[in-house]
Each structure stands twice: as structure tokens, then as C-alpha cells.
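Novice: A predicted structure for the sequence below; I have some questions about it.
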Amino acid sequence: MVWNPGKSLFGGRYIIESQLGEGGIGITYLAINQQNQLRVIKTLKEEILNHPAWILHRNKLRQDFRDEAVRLAVCHHPHIVKIENVFDEGNLPCMVMEYIEGEDLGQRLKRTGVLPEAEAVLYIRQIGDALTLIHSKGLLHRDLKPRNIMIRIEKSEAMLIDFGISREFIPNAVQRHTVYRTPGFAPPEQYELEAPRGEYIDIYALAATLYNILTAVVPTSAEDRRHNINLEPPQYFNPSISNRVNQAIMCGMDLESTYRPQSVQEWLNLLGSSPGDDVATIALSSASKARQPSPSPVPVMLERENWQCIQTLKGHSSMVHAIAISPNGQFIASGSNDKTIKLWQVGTGKLVRQMGRWFSGHSNMVHSVAFCPISANSSYQGESGRTTKTTDINWGILASGSWDNTIKLWDINTGKEIRTLIGHTNWVNSVAFSPDGKLLASGSADCTIKLWQVNTGIEIQTFTGHSDSVSSVAYSPRTATTTNSQDRQLVASGSNDYTIKLWQAYTGRNICTLTGHSFFVNCIAFSHDGEILASGSGDNTIKLWHINTGKEIQTFTGHSDSVWSVAFSRDRQFLVSGSWDKTIKLWHLQSGREISTLTGHSSYVRCVAFSPDGQTLVSSGDDDTIKIWRRG
């Protein structure tokens, strides 16, 4: 039964003016009170209470409805709709609320299109402030979305309405809540009957609401995201969104609840108070609970970096899939589909040496090369068993990984093979030395990572856990926290299973798995201080991760095809990336801005590397060349 205009309720205290709307179980009316003031009356649908499927549950429906009124009544806030009265009209519970003249954010979005960022953030801040009060009362709203936020007419004032599925919570305690959600706005926790509950549930929905009103796009649902359907950053749909707000939204919508800010205020802080502030720095410092060095100020405007290709090295007869720069910055090692490894002089571009002459070379493509970072006071044991000091061979050892399933160690001074490491059962895609040069990590298409003793060639550890080919491995650098603590040394691995894993090197224990890419993870690299990991993917993006927390810090978008190589400058000011879109891009880390795009390769760019002084870049690709770039 629907109440018609003129219907008297609660002994004549309220007169129905018109019906406003209805949902699945509720209906709302516009009414006038005895002071001739407009009010909204919300009640349950009578046909729901009398429906055979609901008869056994109607007492609970009535109680839940009254509980909503109580929850609203205790939350006095300028941005929460006020409740005036609660009464029963026959068998129907009724709730009387203030009438807000205006429209909800869903209607505003449909009428005007996307909101200006300043206006949208203002409304979200107001609702966030209201949520802070709600949470202090031990309540979660659980249904934040544009349709539940009213905007007063001719006022920049947002009002939170509809507490129908709000529930009490104990922070981080596993609680049983009714599984109710609005796809696109509900976090993954609301897809589970029992799960830890916390403010981060409403934070996800608040961030999703900001996403929606800035893009007019409903975000990818949490359930779809858990099935590897990518959530595009809001800047993808609206490039005018600031980096700060873009990053705050993505941070608030992290699938992993522990990686979201844990309070509404913490998330609101990510939105900042000044558009000139840097989002990457704020996201890193706010989301991370670990100690962080104070970032240097970021200039408001960043000049474009001027890099010039000063030399193109030709000598390989097929695609160049691997490059590395020696620790002293004087030499380049390259590995190719032509099965050879070449050593070049950076300053002159002269070919110094080719590894694997005659019958000692690889029998398939060389996919990875790495210089041993330590040459002095270390040694290796050759096939003859004779121990040789690497001080006798200048730059010591070069490692190469090949699609012939083997790894080879080379004496750089002579070009001779030291030994072949056999153990992988499929392609070796990546090799990386430990900071002290004593161990070598390798990643393979057999889905494993192996650790080898460099001086003996003995396999000492196999890491298993990836479900697809391991495309890249990286060893955490020697830092203040790892110099004297072997148990803190990490190996990172990127895989075609879309994930990155962090491993404790000396135990083989998988510390954490980083998820967020929506396609193959092709490459990874540690910053030189060991605090940040970069990853490049077939989803065309680059992501930055904080090592101590496993938190995704930022996503760089700009490449139009797969990213195949990433490298940090030693001062952690810049990141370089190479892509199948045939370009190389330089990124300013603190601002997340692309500062230069280098073109010149005529096919896929496979590998990029910074020189130790950061003044030189080297790249290689499927055009069979190596290019040397110098900062102008």
C-alpha cells in the first residue's frame, strides 16, 4: 500500500505531500510537520512485510529499521542528515528526517557530468569528516556511494544519508556482517560474511565515490579486480585530475585492506591542502608505517630532461635482449638472440671483447647479463679447481642467462668461460648478483628462482611459489639495514603470473606477494637505497612499491605497449623505462611526472640502464642495436 497525498500520520503530526522514491524494501515520502516544515518520512514497504518469503523475518526487518534510526540519532554532525522522530504507523515503523532541498551526487553527475576536482574534494572532505564521527561511535556506514550523498541547493554542502546497512564494529576484529554491497563501491571485505572490520571499509567506498564523481565511471568492482580485471586510475578517464588526488584514490581503493590508510583522517590527508604538494611523497609517508627519510621539496614545475643519442652500437646480428653497465661505468655488456655476449667501451663505443668464442658459448638466445658488483678481495674456483683472485682479472665476473636453460660465468679479462651452472629445466630469463658478489640469483620459465654460490657454482637454494614463468629477479642492495644482517637480504622476483614476490635470501621464505598488475610482470628493479621496488608490466604500466610495507606507492602510465625494463638513477631522483612502444621514458620519482621521452629505436626497446653517475643511459632492442644516450 502506498500513502497518498493528504494521508495523516502519527495522530496528525505529519501530512503526506508526495512520494519521493523507493528501494528494495523501503519507501520515502515528503511530508509536512505541525510547524509547516518539510520533512522526509522513511518506512518499510508493506508488501515486503507481508510477502511469504519475508514473513518469518519481518520482526527482524522492523528491528533493523529502528536500529538505523537509533544510529542516526546518536550521530549529530552538520553533514549527516538529522532525525526528528521515530514512530509506528500501524505495523509499519517510520523514521522522520530533515528535508534536504537539492539533489544527490548521482543526480548531479547525471545532470552536469564530472565535477570539478576542487568541488568534488570539498564534498568528499565534508563526508569524510562525518565518517570520522560515525566511526568514533563504533559504527560503519557500509553503503557510501553518490546516491547516498545529498547536495543542498545553492550551497556547497554535502549531507550523508541512508544508514540502512550501517553496523557496529570492533576495529580489526573478525565479525559477521550481512553480505550487502554496491558493486564498484564496496571493498572485497563486504563480499565475505565473516572478515575483519575497520574504518578501511568506508575509506574504500569514499575513495570509489570520489573516483566516480571525477570520471562519471563506476570503478571496476572488487570482485572483478580479484579476478585480474584491472582498475584503471581515474586519470585514465579524466587527465585533468591532479596526481595527488589520483594517487589518493588508488591508495584508498587498495584491494588489500592493510595497505589502505587505516583512518579516514589519514586518507583525507592524502588529498592534501595545496595542489602544489607532491602526491607520491605524501602517499609514501602516510601509507607507510616504517621509518622514512624526509623527502626533499619538489619544485612546482619540472624542466624537461634533454637527452641525446650520442652513439649507436652495431655488431649483434639479431635482437639485443640484455645489457648491463659495469660498476665503474666504463663498459657495457650485451646479450643477444644471436647467442653471443659482447663487451663494449662506453666512452668510445669500441667493441672490446666477445664472450664464448669457439664452442664455449650459449646454444640459444642470451636473455640476461649481470656484472659481479665486487672485484677486489674475492675469488672463484674454475673448472680445473684452481682458485683465482678476481683482482687478477680486473673487473672479475660476468654472468649470463640463456634460453638454453643454463647460466654461464665469464672471466671478463680473458673472455673465457669460468663454468656453466646447470639446474633449471626451462629458459633462464634473468640473473642478478648479491651485493657482496658471493651469490647469484636466477629466474626461469620453470617457475623457480635459484641461488648459486659464485665461487663454486653450487646451487644452494630453490624458491618455489610462482605459478608461471619468472621473468625477472633482483637482489636488494647493500644498505645500512642489510650490511651486517644476511637474514635481511631480499630477492625479488617478477612473474607471468602477474605477481611480484619478495624472498628472504638465506632461508628461501616468501615474505610477501605484491599484486596489482593486470598482466605479466616483465621487469623489476630495486632503488639503490633498497627502500623502493619498481616493476614494469605487459599492462603498459610501471608501479612503485615500498619494500618495508609491501604497499603500492604509485603507478606511472604513459607507455602505449608493454614495459620491458626499468632502472633507477643512483640518487633515486629518476626512473627510466623501456617499452615495446619503441620509446624510453624518464620519470621524476617524487612527482610521478614523465620528464622525457627518447625515440630512436626502430623496434621494441628491451633493456635500459643508468650509468653509476646518472649522466649516461644505455638501451637495446629488437632493432639489433645498442644506443648510448647522454644528458644534455
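Specialist: Looks like it came in fine.
Novice: now stretch 96-116, how far from the centre of its chain.
Specialist: Relative to its parent chain, stretch 96-116 has a centroid offset of 32 Å by Cα atoms, centre = their mean, to the nearest Å.
Novice: Likewise for stretch 396-414?
Specialist: Distance, stretch centre to chain centre, for stretch 396-414: 34 Å (Cα atoms, centre = their mean).
Novice: again with stretch 31-48
Specialist: For stretch 31-48 - counting by Cα atoms, centre = their mean - the centre lies 46 Å from the chain centre.
Novice: can you check stretch 64-72 too?
Specialist: The answer for stretch 64-72 is 38 Å, by Cα atoms, centre = their mean.
Novice: Give me the contact list for that stretch.
Specialist: 26, 43-44, 80-81, 83, 86, 93, 95, 97, 137, 139, 163-164, 166 (Cβ atoms under 8 Å, 6 or more residues apart in numbering). Heads up, the C-betas are built off the backbone N, CA and C, glycines and all.
Novice: Not counting its neighbours along the chain, what's nearest Val608?
Specialist: In this structure, Val608 finds its nearest non-sequential neighbour in Gly578, 4.0 Å apart by Cβ to Cβ, 6 or more residues apart in numbering.
Novice: How many residues are close by that neighbour?
Specialist: The number of residues packed near Gly578 is 31, by other Cβ atoms under 10 Å.
Novice: residue contacts, Cys75?
Specialist: Residues counted as contacts of Cys75 (Cβ under 8 Å, 6+ apart) are Ala130, Leu133, Ile134, Lys137, Leu139, Phe163.
Novice: For Ser363, grab the count of nearby residues.
Specialist: Ser363 has 12 nearby residues by other Cβ under 10 Å.
Novice: show me the contacts for the nearest residue in space to it that is not next to it in sequence.
Specialist: Using Cβ to Cβ, 6+ apart and skipping the chain neighbours, the partner closest in space to Ser363 is Asp404 (4.4 Å). By Cβ under 8 Å, 6+ apart, Asp404 lies in contact with His362, Ser363, Asn364.
Novice: and what of His79?
Specialist: Gln126, Ile127, Asp129, Ala130, Glu157, Ala158, Met159, Leu160.
Novice: Filter those down to the ones in strands?
Specialist: Of the positions in these, Ala158, Met159, Leu160 sit in strands, assigned by DSSP state E.
Novice: Where is pLDDT lowest across these?
Specialist: In terms of pLDDT, Leu160 ranks lowest among these, with 90.
Novice: which residue is nearest the centroid of this protein?
Specialist: Taking Cα atoms, centre = their mean as the criterion, Glu552 is the residue nearest the geometric centre of the chain, at 3.8 Å.
Novice: Leaving out chain neighbours, which residue sits closest to it?
Specialist: Gly516 (5.1 Å).
Novice: now do Val618
Specialist: Spatial nearest neighbour of Val618, excluding adjacent residues (Cβ to Cβ, 6+ apart): Ala609 at 5.0 Å.
Novice: from what I can see that neighbour touches Ile325, true?
Specialist: Yes: Ala609 is within contact range of Ile325, at 5.0 Å (criterion: Cβ atoms under 8 Å).
Novice: what's the overlap in contacts for the two?
Specialist: By Cβ under 8 Å, 6+ apart, the residues touching both Ala609 and Ile325 are Val618.
Novice: Need phi/psi at the residue nearest to Glu552.
Specialist: phi 160, psi -30 (degrees, to the nearest 10).
Novice: Could you check how far it is from Tyr259?
Specialist: 10 Å (Cβ to Cβ, to the nearest Å).
Novice: between those two, what contacts are shared?
Specialist: Joint contacts of Gly516 and Tyr259 (Cβ under 8 Å, 6+ apart) are Glu552.
Novice: Which of the helices or strands spans Ile16?
Specialist: strand 14-22 (DSSP states H and E).
Novice: just checking, what packs against that strand?
Specialist: Packing contacts for strand 14-22, counted by 3 or more Cβ pairs under 8 Å, 6 or more residues apart in numbering; DSSP states H and E, involve strand 8-9, strand 26-32, strand 38-44.
Novice: May I see those organised as CSV, with mean pLDDT, distance to Thr625 and mean neighbour count added?
Specialist: Output for the helices and strands packed on strand 14-22, formatted as CSV (pLDDT from 0 to 100; distance: least, Cβ to Cβ, whole Å; neighbours: other Cβ atoms under 10 Å):
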stretch, mean pLDDT, distance to Thr625, mean neighbour count
strand 8-9, 95, 82, 16
strand 26-32, 91, 68, 20
strand 38-44, 91, 70, 20
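Novice: Out of those strands, flag the one nearest Lys543.
Specialist: strand 26-32 (42.3 Å; Cβ to Cβ).
Novice: Partner strands of that closest one and their direction?
Specialist: The strands beside strand 26-32 in its sheet (DSSP bridges) come out as strand 14-22 (antiparallel), strand 38-44 (antiparallel).
Novice: what about the first one, average pLDDT?
Specialist: Meaning strand 14-22. 90.
Novice: Can you show me the strands along the stretch 401-550 of the chain?
Specialist: 406-411, 417-422, 428-433, 439-444, 448-453, 459-464, 470-475, 490-495, 500-504, 510-514, 521-526, 532-537, 541-546 (DSSP state E, counting those that start in this stretch).
Novice: circling back: want to throw the helices and strands packed on strand 14-22 into JSON lines with distance to Gly536?
Specialist: Output for the helices and strands packed on strand 14-22, formatted as JSON lines (distance: least, Cβ to Cβ, whole Å):
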{"stretch": "strand 8-9", "distance to Gly536": "63"}
{"stretch": "strand 26-32", "distance to Gly536": "49"}
{"stretch": "strand 38-44", "distance to Gly536": "51"}
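Novice: Show me the one of those strands that comes nearest Val605.
Specialist: Taking Cβ to Cβ, strand 26-32 is the member of the helices and strands packed on strand 14-22 nearest to Val605, at 57.5 Å.
Novice: Quick one: distance of the closest one to the chain centre.
Specialist: Counting by Cα atoms, centre = their mean, strand 26-32 comes out at 44 Å from the chain centroid.
Novice: Same check on stretch 13-26?
Specialist: 44 Å.
Novice: can you check stretch 259-268 too?
Specialist: Mean-position distance between stretch 259-268 and its chain equals 16 Å (Cα atoms, centre = their mean).
Novice: Show me what counts as buried in that stretch.
Specialist: For stretch 259-268, a neighbour-count test (16 or more other Cβ atoms under 10 Å) marks Tyr259, Arg260, Pro261, Gln262, Ser263, Val264, Glu266, Trp267, Leu268 as buried.
Novice: these two touch, right, Cys512 and Gln504?
Specialist: No: using Cβ under 8 Å, Cys512 is not in contact with Gln504, being 10.4 Å away.
Novice: among the contacts of stretch 64-72, who's most crowded?
Specialist: Of these, with other Cβ under 10 Å as the count, Phe163 tops at 26 neighbours.
Novice: show me where pLDDT drops low in the stretch 251-400 of the chain?
Specialist: 273-305, 357-360, 375-395 (pLDDT under 70).
Novice: which residues in it form helices?
Specialist: Taking DSSP state H, counting those that start in this stretch as the criterion, the stretch 251-400 of the chain carries its helices at 264-271, 279-287.
Novice: Same check on the stretch 1-150 of the chain?
Specialist: 46-49, 58-73, 105-112, 117-136.
Novice: Now tabulate those helices in JSON lines and tack on distance to Met355 and mean neighbour count.
Specialist: Shown next, in JSON lines, are those (distance: least, Cβ to Cβ, whole Å; neighbours: other Cβ atoms under 10 Å):
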{"stretch": "helix 46-49", "distance to Met355": "77", "mean neighbour count": "15"}
{"stretch": "helix 58-73", "distance to Met355": "72", "mean neighbour count": "16"}
{"stretch": "helix 105-112", "distance to Met355": "61", "mean neighbour count": "15"}
{"stretch": "helix 117-136", "distance to Met355": "55", "mean neighbour count": "20"}
